[in-house]
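Let me see the structure of the following:
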Amino acid sequence: MRLIVGTVLATVLLGGFPVSAVAVEYDGPPEDYASYQPQTRCRDTARPGTRMLARWMNRRFSGGTASASVRACSSGTSEHKDGRAIDWTMDAGKRADRREVKRFLDRLFATDSEGNAHARARRMGVMYVIWDDRMYASYSSFAQRDYRSSSCPRLRTCSATLRHRDHVHISLSKPGGRGATSWYTARS
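The predicted model follows:
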């Protein structure tokens, strides 16, 4: 049975201006929750799924910029080095930014019309999200938990960046980074 997720394909006249909505169809249920898949290689460019998700975020959410950022390899492990991470510049100290991030997280983790929990995040291949001292990991069914960087021995002396208070971090699974999960394939 084909599921229609999102809005129905239609053109509606509103105040004399046409407004188009795009239907997205999926075959079957969303993917299983992604396991933790650490960086295993270094890349010079962001993966196709990472770039596509950053563009989607920038079109749908206001404030800040979502960037499919790549970092040079050095010590440590990061999905940024593998081209599978997005940083969205948002400020946890600003009410408007907190509201917009909440709107994003609500949409990302919503249950679909078929009762599949966290359907969009699973279809996107989201592995985890970190924001404002909190982490939402697929391998824990996106349950919110406290987060502190291993580089922060004490929270009060930790920078806004390491606390993810000046940006939202999103890491994708390897299939999500490749754009090989149902959210991406339904758009190609």
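
Going by C-alpha atoms from here, please, whenever you check contacts or count neighbours.
Will do.

Please look at Arg84 and Gly179 and confirm they touch.
No: taking contacts as Cα atoms under 8 Å, Arg84 lies outside contact range of Gly179: 10.2 Å.

what's the overlap in contacts for those two?
Common neighbours of Arg84 and Gly179, counting by Cα atoms under 8 Å, 6 or more residues apart in numbering, are 47, 49-50.

List just the nearest of these to His164.
Thr50 (19.0 Å; Cα to Cα).

which ones are touching the closest one?
68, 83-86, 172, 176-179.

Can you tell me the element the nearest residue to it once chain neighbours are set aside falls in?
The shortest distance from Thr50 to any non-neighbouring residue, by Cα to Cα, 6 or more residues apart in numbering, is to Gly177 (5.2 Å). Following DSSP states H and E, one finds Gly177 within helix 174-178.

pLDDT-wise, which helix or strand of this structure ranks last?
Using mean pLDDT, DSSP states H and E, the weakest-scoring helix or strand in the chain turns out to be strand 2-14, at a mean of 31.

Mind putting the shared contacts of Arg84 and Gly179 into JSON lines with pLDDT?
Compiled in JSON lines, the shared contacts of Arg84 and Gly179 are given as follows (pLDDT from 0 to 100):
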{"residue": "Arg47", "pLDDT": "94"}
{"residue": "Gly49", "pLDDT": "96"}
{"residue": "Thr50", "pLDDT": "96"}
